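*Asks:* Below are the sequence and a predicted model; questions follow.
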Amino acid sequence: LTPLTPTSSTSLRSSLPSPSNVTLTVLDTGVDPSTPALGGRVTCYDLSGSSDVRMSKIDDLNKHAEEKGLKAGAFEAGGGGEGGPPSEETRPWMHASVSLSSFLPGPAKKRLDDAARLAFKTSHDAALLALEKGRPAKPDPKKATEEDHDRWSDYEALKKELTSSLKKHQSSPPGSIVDLYLSPSSTLHASSAEGSLRPLPLNSPFSLDASSSSTFTARLLPPGPAPLLSATLQLVTDCGAHGTHVACISAGEDGVCPKALVESYRVGDQRLGSMETTRSIAMALSHLTGDVVNMSYGEAVSTVGAGYLMPIIDSMINKHNRIFLSSAGNSGPALCTVGAPGGGFSRHVISVGAWYDGEMSETLYSHLPSGSSGTYTWSSTGPCLDGSAGVDVIAPGGAFTGVPGWCLTKGKMMNGTSMSCPNAAGGVCLLVAMCKSEGIQYTPERVRKAIYNTCRRQPGLTILEQGWGMIDVERAWEWIKDAKDVWTEDVRYSVEA
């Protein structure tokens, strides 16, 4: 239930080349690569630092195996290592114990913690029952021997310890602890309940715990200054449902551009409740390779066109030929509420407001049939403090589409400029895909001009609410074809007073 008709995306959507020739980069909370709607077309990265796992060398494999309850020969079966201290010529086995709870968003963490509480209580109750079955008789002060008193003291101490451990574990469960191992040949493994090492793929999705229903992708970072002593592994998963929903609007099976490849850069930091950081955004902007970039994240901004990220964004767009779209913000309807990095940050970024119509009201919100339409009341409104419009275009601001597996449902309805932005970004992906298939050279400026000059102004809305109007993908494609030999379409210019 991703609205396609308002942006005239249907005809180009059916003309997409296969396999896909366009990549969408999503800067968000991360995307679940196992989401059925995305068809395995997702590559995941995390530059927030919250998924980094520091692995340390194992000094003695035999001793470590005994401490961890691993079977004899587990390391040999897992990819090498003879037992005993490693040699100085080869990289040793590396190990890290991680609590999965620290990587997971709230609902998945709660299920994992609840499962840990239940498992611990089950084993605790069994231990307590066994203790009570062997409970010694309470010693008679006049007849009991010293041995009787010792047995009773041991019983009371053990019962007190069991009761204390249950209270502690129920109030603060450690979650699911997983032991990860990196072999000398750079293969990744996790310990199993049977005491063996099960292989895990690098750079491909896998599951570590069934109760959380979360998907992970492991990436080995380049070696540091002491590769024989430690290694850094990224255990990438999403920190919220937002990013997967955004990706499904743009590139899901029912999305605007269903064959686009998705490059997910998680900029939300799990340690900050999924809040983005300047460092993570800057690193993502420096590493991404997508043709179209969607960022449905943003903050209020006091100074337009200034800040650490602005030259990085402008360089990415103008020097590396990438088209950047950002949500306008959900701080409306007051004037001057557009945030960054949309219209309130860089004029090279396409800022997208959120729009609805009667069909969306009926389908997504179960309202009675109505012919009304407009921008959502909370969709941010221009102008920016420097006088620029702030909102460039509008697109449908709601959708019922895919979410991560830990949500335990195939789809959810979400709304916001976070949803209008990927709808518009999916339309831009269609334009880029068609340009590539037709051999038409394009630049971000050429595509932006085509979009702005073919938007449809919506009645009843001011320029500050809708910018150039509703994006019209079909008309924009006709504009690009008609102007493919007009060199002025690639000229960038700005007017300042």
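*Replies:* Received it, and whenever you're ready, just let me know what you need.
*Asks:* rest of the way, CA atoms for contacts and neighbours
*Replies:* Will do.
*Asks:* What ranges in the stretch 251-400 of the chain fall below the confidence cut-off?
*Replies:* Under the criterion pLDDT under 70, the flagged ranges of the stretch 251-400 of the chain are 344-345, 368.
*Asks:* now with 80?
*Replies:* Scanning the stretch 251-400 of the chain for pLDDT under 80 picks out 298-307, 342-347, 366-371, 385-386.
*Asks:* And the strands in it, which stretches?
*Replies:* Residue ranges of the strands in the stretch 251-400 of the chain, as given by DSSP state E, counting those that start in this stretch, are 261-266, 268-269, 275-276, 292-295, 323-327, 350-356, 374-375, 393-396, 398-402.
*Asks:* strand partners of the second one, parallel vs antiparallel please.
*Replies:* Partner strands for strand 268-269, per DSSP bridges, with pairing direction: strand 275-276 (antiparallel).
*Asks:* Need the residues that contact the partner strand.
*Replies:* Strand 275-276 has contacts (C-alpha atoms under 8 Å, 6 or more residues apart in numbering) with Ser48, Val267, Gly268, Asp269, Tyr297.
*Asks:* Make TSV out of the residues you listed and add neighbour count and distance to Glu147.
*Replies:* Output for the contacts of strand 275-276, formatted as TSV (neighbours: other C-alpha atoms under 10 Å; distance: C-alpha to C-alpha, whole Å):
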residue	neighbour count	distance to Glu147
Ser48	24	60
Val267	32	63
Gly268	28	61
Asp269	23	58
Tyr297	24	69
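*Asks:* Dump the residues you listed into TSV; add distance to Ser14 as well.
*Replies:* Formatted as TSV, the contacts of strand 275-276 follow (distance: C-alpha to C-alpha, whole Å):
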residue	distance to Ser14
Ser48	37
Val267	32
Gly268	34
Asp269	37
Tyr297	30
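*Asks:* ok, so of those residues, who is nearest Ala247?
*Replies:* Tyr297 (13.2 Å; C-alpha to C-alpha).
*Asks:* Test my guess that that closest one contacts Asp28.
*Replies:* Yes: under the criterion of C-alpha atoms under 8 Å, Tyr297 makes contact with Asp28 at 6.6 Å.
*Asks:* Number of residues surrounding Glu359?
*Replies:* As a burial measure, Glu359 scores 18 neighbours (other C-alpha atoms under 10 Å).
*Asks:* before we move on, what about Phe324?
*Replies:* For Phe324, the count of nearby residues is 26 (other C-alpha under 10 Å).
*Asks:* now Met283
*Replies:* Using other C-alpha under 10 Å, Met283 has 16 neighbouring residues.
*Asks:* Name all residues that make contact with it.
*Replies:* Listed by C-alpha under 8 Å, 6+ apart, the contact partners of Met283 are Leu47.
*Asks:* That one and Asp46, how far apart?
*Replies:* 10 Å (C-alpha to C-alpha, to the nearest Å).
*Asks:* And Ala96, its phi and psi?
*Replies:* Ala96 adopts backbone torsions of phi -150, psi 140, taken as degrees, to the nearest 10.
*Asks:* helix, strand or coil for the spatially closest residue to it that is not a sequence neighbour?
*Replies:* Among residues not flanking Ala96 along the chain, Met55 sits closest, at 4.9 Å (C-alpha to C-alpha, 6 or more residues apart in numbering). What DSSP: H, G, I helix; E, B strand; the rest coil gives for Met55 is strand.
*Asks:* Which pLDDT value goes with Met55?
*Replies:* Looking at Met55, its pLDDT is 91.
*Asks:* residues making contact with stretch 474-485?
*Replies:* For stretch 474-485, the external contacting residues (C-alpha under 8 Å, 6+ apart) are 8-9, 11-12, 431, 440-441, 446-447, 450-451, 453-455, 489.
*Asks:* for these, which one is nearest Gly371?
*Replies:* Nearest to Gly371 among the contacts of stretch 474-485: Ser8, at 18.5 Å, using C-alpha to C-alpha.
*Asks:* need the contact list for that closest one.
*Replies:* Ser8 neighbours (C-alpha under 8 Å, 6+ apart): Asp472, Val473, Glu474.
*Asks:* Neighbour-wise, give me the winner out of those residues.
*Replies:* Neighbour counts for those, by other C-alpha under 10 Å, peak at Val473, which reaches 28 neighbours.
*Asks:* for that residue, phi and psi?
*Replies:* Backbone torsions for Val473, taken as degrees, to the nearest 10, come to phi -60, psi -40.
*Asks:* tally of neighbours for Gly371?
*Replies:* Gly371 has 9 nearby residues by other C-alpha under 10 Å.
*Asks:* where's the residue nearest to it when sequence neighbours are not counted relative to Tyr452, distance?
*Replies:* Once flanking residues are discounted, Gly371 sits nearest to Gly358: 4.8 Å by C-alpha to C-alpha, 6+ apart. To Tyr452, Gly358 is 25 Å away according to C-alpha to C-alpha.
*Asks:* of those two, who's got more company?
*Replies:* Tyr452 (19 against 16).
*Asks:* Grab the nearest non-local neighbour of that one.
*Replies:* With sequence-adjacent residues excluded and distances taken as C-alpha to C-alpha, 6+ apart, Tyr452 is closest to Trp468, at 5.8 Å.
*Asks:* Touching, that neighbour and Val393? I think so.
*Replies:* Yes: between Trp468 and Val393 there is a contact under C-alpha under 8 Å: 5.4 Å.
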